[in-house]
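Colleague: When you get a sec, could you give me coordinates for this:
(one chain, ligands or ions: 1)
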Amino acid sequence: MNQELTANQIEELAQELKGQKQALEQQLQDSQQSTAPVTLDQQSVGRVSRIDAIQQQQMAVANREQANTILKLINSALERIGAEEYGYCLECGEPIGYARLQVQPQSPNCMACQSILERP
Ligand SMILES: [Zn+2]
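Modeller: Numbers count the residues shown, from 1 in each chain. Presented below is the predicted three-dimensional model:
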């Protein structure tokens, strides 16, 4: 079974979460323009570069969606730190474990529950 987090570990993960949150918010801000609808003039740019622009835009939208999803997880993790509930799996209530949280500090579930949740 996983160990509970120490105060120092929680503090460290909180710093990590805050750093990631800032980076994601910056990324979302920076990518705002690239997700605007493609309004290229078909006569001035070729068909290929129009498709290119649409693909790039779709990629930017997907990246933004992913960033938003992670940002939500980070925010709820920060809330749980504030409520002193951080580090416990939302599914089974067991400690998630420091090793896993070091890789994914925003993770709301332990490894066992996560693999069940990800099963199609
Ligand atoms: Zn669990």
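Colleague: all helices for this protein, in order.
Modeller: 7-30, 47-82, 98-103, 111-117 (DSSP state H).
Colleague: and of the ones you listed, who's closest to the ion?
Modeller: The ion sits nearest to helix 111-117 of all the helices of the chain, at 3.2 Å, using C-beta to the ion. For every residue, glycine as well, the C-beta is placed using N, CA and C.
Colleague: Now do the same for the closest one: mean pLDDT, whole number.
Modeller: In this model, helix 111-117 carries a mean pLDDT of 94.
Colleague: Just the CA atoms of that helix, as PDB, please.
Modeller: C-alpha atoms of helix 111-117 as PDB (Å, rounded to 0.1, in the frame of the first residue of the first chain):
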ATOM      1  CA  MET A 111      -2.800   3.800 -10.200                       C
ATOM      2  CA  ALA A 112      -5.200   0.800  -9.700                       C
ATOM      3  CA  CYS A 113      -8.400   3.000 -10.000                       C
ATOM      4  CA  GLN A 114      -6.900   4.900 -12.900                       C
ATOM      5  CA  SER A 115      -6.400   1.700 -14.900                       C
ATOM      6  CA  ILE A 116      -9.900   0.600 -14.200                       C
ATOM      7  CA  LEU A 117     -11.300   4.000 -15.200                       C
END
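Colleague: Mind giving me the packing neighbours of it?
Modeller: Using 3 or more C-beta pairs under 8 Å, 6 or more residues apart in numbering; DSSP states H and E as the contact test, no helix or strand touches helix 111-117.
Colleague: Distance from the chain centre to that helix, please.
Modeller: 17 Å (C-alpha atoms, centre = their mean, to the nearest Å).
Colleague: circling back to that earlier point, adding distance to the ion and mean neighbour count, write the helices of the chain out as CSV.
Modeller: Shown next, in CSV, are the helices of the chain (distance: least, C-beta to the ion, whole Å; neighbours: other C-beta atoms under 10 Å):
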stretch, distance to the ion, mean neighbour count
helix 7-30, 17, 14
helix 47-82, 14, 14
helix 98-103, 11, 15
helix 111-117, 3, 13
